[in-house]
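Chemist: When you get a sec, could you give me coordinates for this:
(one chain, ligands or ions: 1)
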Amino acid sequence: MTRFIFITGGVVSSLGKGIASAALGALLQARGYKVRLRKLDPYINVDPGTMSPYQHGEVYVTDDGAESDLDLGHYERFTGVATRQSDNVTTGRIYSNVIARERKGEYLGATVQVIPHITDAIKEFVTSDLTDEDFVLCEIGGTVGDIEGLPFLEAIRQLGNELGRERALFVHLTLMPYIPAAGEIKTKPTQHSVKELLSVGIQADILVCRSDRPIPEDARRKLALFCNVQPERVIEALDVDTIYDVPNCYHEAGFDTEVLKRFGMAEGHESEVDLTAWRNTVHRIREPEGEVSIAVVGKYTNLLDAYKSLNEALGHGGIANNVRVKLDWIESEIFESDAEALARLEGVNGILVPGGFGERGAEGKVAAVTFARERKIPFFGICFGMQMAVIEAARNLAGVPGAGSTEFGECADPVVGLLTEWKRGNVVEQRSGADDKGGTMRLGAYPCRLAEGSRLAEIYGGELNISERHRHRYEVNIDYRERLEAAGLIFSGMSPDGVLPEIVELRDHPWFVGVQFHPELKSKPFHPHPLFASFIQAAIEQARLV
Ligand code: GLN
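Modeler: Next up is the predicted model:
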């Protein structure tokens, strides 16, 4: 029997609902249950694929090619369960599906309405594509009280009623602010938020209260009284120094126990909770044996949500090597306007150029590649970063001074060009410059074949057939392969048909790797991605040398 846990947020946004959901999922998993996590996003875009990283943060890509919310990244990192297209939906997608059905005449003459048609489509989404999950945790984006969220709240209210108390539970995450002048933690915003939720027919079963200090017993009792929940179901969620401590803290606060009790499943489970891996991870993060510094030369560096998975994956590389990874986020444009700015890269132990779009800052990234190549500093180029590394090698090693990317317009030597045809399994995908922008990139998991004896094959532990996730419209043009190889750039990973360059590495360099895919999407705290583990190891070596 699958049980559904709905997680809503109140008072303010950015309370970490995604991490709260992911951590509860991890705790239920640690008790031996099978979990799945889903996210309902109330905005109108069909998916976040066309949104600026400044608007939305990172677009997380699943194996099956969904461009989805970054919370799905937390779900995967915390539970190891691979997310799918069917784990994230937006208002836009729900409406576009309903409208497509209406155009086909599937509503048989009915007036198509929010209730029941939109709410039915939401309920169908929440309950479909499941197998034998014990728990589905379903997070509702936004904050209770938002206009856009109403159809989703109505749908989960209906589901709560249809499934019954044995199968549905409502968690509400709120903020308990501390008012210094009063010297008190305030319960009122939470009371109002719970009331707001009640006004759409949902009674919260469990309150998870974010707070920067312990919640006194009287505040907890007051909340319980006014919000109609039991005092032990007011879960204290204190700020923590690492998100990987959240499962431990929630467990201590009784979150998972209260969920199970509410479902009538709690008896005698305590001895079965094994959080050793979580405790070890936190220990490794808090007590590293050393430190390396990595410069991330990107474009959206003042919004770290834009590089969420990358940030985590670099941390995982640190966990794998028992070091703290200090990150210096650098806006690549500074290298274009100020030649002196490169001095900022002097002391770093590794340079990473992440994924990105558009011409702004591209030359600054190329300058960072040159610096890493010439100074023999470990270099990791991801997607756009790989493309810039290849352009740099073409210009400065292979004698192709006009090398560029057609992403920025016509150029003399399109070393990186528009990807117009590729194979997904047996299907040939075709694109042109005139296509829609949404959902038309090369997206999701694709196989890659590693060259025997390459550094990459070693990094992947001898495995030659790998699969990684993609999100790009342009690719390295193999017409330049021979010239680039003669200049020292090895094509050590290719699509199985040998057409698409997936990985390049530089000969005669301590660690210089460019990958067309996004390895950060698959890195997990318990299973750091081999490329990040290896990159950080190379940074440690570099630190020893200086
Ligand atoms: N803008 C580049 C492309 O579309 C790289 C994309 C990326 O880094 N994700 O190919």
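Chemist: which ones are touching the residue nearest to L456 when sequence neighbours are not counted?
Modeler: Nearest residue to L456, sequence neighbours excluded (Cβ to Cβ, 6 or more residues apart in numbering): S492, at 4.5 Å. (Glycine included, C-beta is placed from N, CA and C.) The contact partners of S492, taken as Cβ atoms under 8 Å, 6 or more residues apart in numbering, are L450, A451, S454, R455, L456, A457, I503, V504, E505.
Chemist: quick one: contacts for the closest residue to the fourth one other than its chain neighbours?
Modeler: Across the structure, with Cβ to Cβ, 6+ apart as the measure, the residue nearest R455 apart from its sequence neighbours is E505 (5.5 Å). For E505, the contacting residues are S454, R455, L456, L489, I490, S492, F512, V513, G514, by Cβ under 8 Å, 6+ apart.
Chemist: please redo it, this time with the cut-off set to 6 Å
Modeler: Shown in contact with E505 (Cβ atoms under 6 Å, 6 or more residues apart in numbering): R455, I490, S492, V513.
Chemist: helices or strands up against the strand or helix carrying the last one?
Modeler: Under the criterion DSSP states H and E, the helix or strand holding V513 is strand 512-515. Applying 3 or more Cβ pairs under 6 Å, 6 or more residues apart in numbering; DSSP states H and E, one finds that strand 512-515 contacts strand 379-382, helix 384-396, strand 501-506.
Chemist: Give me the sheet partners of it and which way each runs.
Modeler: Here strand 512-515 is paired, per DSSP bridges, with strand 379-382 (parallel), strand 501-506 (antiparallel).
Chemist: Tabulate the CA atom coordinates of that strand in PDB.
Modeler: The C-alpha coordinates for strand 512-515 follow below in PDB (Å, rounded to 0.1, in the frame of the first residue of the first chain):
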ATOM      1  CA  PHE A 512      42.900  18.600 -17.700                       C
ATOM      2  CA  VAL A 513      39.500  17.200 -18.500                       C
ATOM      3  CA  GLY A 514      36.500  18.500 -20.400                       C
ATOM      4  CA  VAL A 515      33.200  16.700 -20.500                       C
END
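Chemist: Grab the nearest non-local neighbour of the residue of the stretch 101-250 of the chain found nearest the ligand.
Modeler: Going by Cβ to the nearest ligand atom, the ligand is nearest to G141 of the stretch 101-250 of the chain, at 23.1 Å. Leaving aside its sequence neighbours, G141 sits nearest to D41 (Cβ to Cβ, 6+ apart; 4.3 Å).
Chemist: What lies in contact with the biggest helix by length in the chain?
Modeler: As assigned by DSSP state H, the longest helix anywhere in the chain is helix 530-545. If you take Cβ under 6 Å, 6+ apart as the criterion, helix 530-545 is touched by 292, 313, 316-318, 320-321, 349-350, 378, 380, 459-460, 510-511, 519, 523.
Chemist: what's the average pLDDT for stretch 387-404?
Modeler: Looking at stretch 387-404 alone, the average pLDDT works out to 96.
Chemist: Give me the distance between the two termini of it.
Modeler: The first residue of stretch 387-404 is 9 Å away from its last residue (Cα to Cα, to the nearest Å).
Chemist: which residues touch it?
Modeler: Residues from elsewhere that reach stretch 387-404 (Cβ under 6 Å, 6+ apart): 353, 365-366, 369-370, 381, 405, 411-413, 415-416, 476, 483-484, 487, 489, 514.
Chemist: Could you check how far that stretch is from the centre of its chain?
Modeler: Put simply, stretch 387-404 sits 31 Å off its chain's centre (Cα atoms, centre = their mean, to the nearest Å).
Chemist: Same question for stretch 167-177.
Modeler: That offset, for stretch 167-177, works out to 23 Å (Cα atoms, centre = their mean).
Chemist: go on, stretch 54-61?
Modeler: 8 Å.
Chemist: So for that stretch, what gets flagged as buried?
Modeler: Residues of stretch 54-61 classed as buried: H56, G57, E58, V59, Y60, V61 (neighbour count, 16 or more other Cβ atoms under 10 Å).
Chemist: Kindly reformat these as JSON lines containing secondary structure, pLDDT and distance to V114.
Modeler: Below are those laid out as JSON lines (DSSP: H, G, I helix; E, B strand; the rest coil; pLDDT from 0 to 100; distance: Cβ to Cβ, whole Å):
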{"residue": "H56", "secondary structure": "helix", "pLDDT": "83", "distance to V114": "25"}
{"residue": "G57", "secondary structure": "coil", "pLDDT": "89", "distance to V114": "28"}
{"residue": "E58", "secondary structure": "coil", "pLDDT": "94", "distance to V114": "31"}
{"residue": "V59", "secondary structure": "coil", "pLDDT": "95", "distance to V114": "28"}
{"residue": "Y60", "secondary structure": "strand", "pLDDT": "97", "distance to V114": "28"}
{"residue": "V61", "secondary structure": "strand", "pLDDT": "97", "distance to V114": "31"}
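Chemist: Quick check: phi and psi at Q85.
Modeler: phi -50, psi -40 (degrees, to the nearest 10).
Chemist: which residues does it contact?
Modeler: By Cβ under 6 Å, 6+ apart, the neighbours of Q85 are D64, A66.
Chemist: if we can go back for a sec, most tightly packed of the helices and strands packed on strand 512-515?
Modeler: The highest mean neighbour count among those, using mean count of other Cβ atoms under 10 Å, belongs to strand 379-382: a mean of 28.
Chemist: Return it as PDB; C-alpha atoms alone will do.
Modeler: Written as PDB, here are the backbone C-alpha positions of strand 379-382 (Å, rounded to 0.1, in the frame of the first residue of the first chain):
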ATOM      1  CA  PHE A 379      41.300  22.000 -14.900                       C
ATOM      2  CA  PHE A 380      37.700  20.600 -15.200                       C
ATOM      3  CA  GLY A 381      35.400  21.900 -18.000                       C
ATOM      4  CA  ILE A 382      31.800  20.900 -17.900                       C
END
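Chemist: quick one: contacts of that strand?
Modeler: With contact meaning Cβ under 6 Å, 6+ apart, strand 379-382 is reached by I351, L352, V353, P354, G355, A372, A389, F512, V513, G514, V515, F535.
Chemist: Flag the shaky bits of this protein, pLDDT-wise.
Modeler: 267-271, 546 (pLDDT under 70).
Chemist: Which residues of it lie near the ligand?
Modeler: G355, G356, F357, C383, F384, E407, R471, H472, R473, Y474 (Cβ under 6 Å from any ligand atom).
Chemist: Could you rerun that using 8 Å?
Modeler: Neighbours of the ligand within the chain, by Cβ under 8 Å from any ligand atom: 354-358, 382-385, 387, 405, 407, 416, 419, 441, 471-475, 518.
Chemist: among these, which ones are buried?
Modeler: By neighbour count, with 16+ other Cβ under 10 Å, the residues of the chain next to the ligand hold 354-357, 382-385, 387, 405, 407, 416, 419, 441, 471-475, 518 as buried.
Chemist: What's the separation between the most far-flung residue of the chain relative to its centre and E336?
Modeler: Distance to the chain centre peaks in the chain at G109, reaching 41.8 Å (criterion: Cα atoms, centre = their mean). To E336, G109 is 61 Å away according to Cβ to Cβ, to the nearest Å.
Chemist: One more: P525?
Modeler: From P525 to E336 the distance is 36 Å (Cβ to Cβ).
Chemist: and the two? which has more neighbours close in?
Modeler: For P525 versus E336, the count of surrounding residues by other Cβ atoms under 10 Å is larger for P525: 24 against 17.
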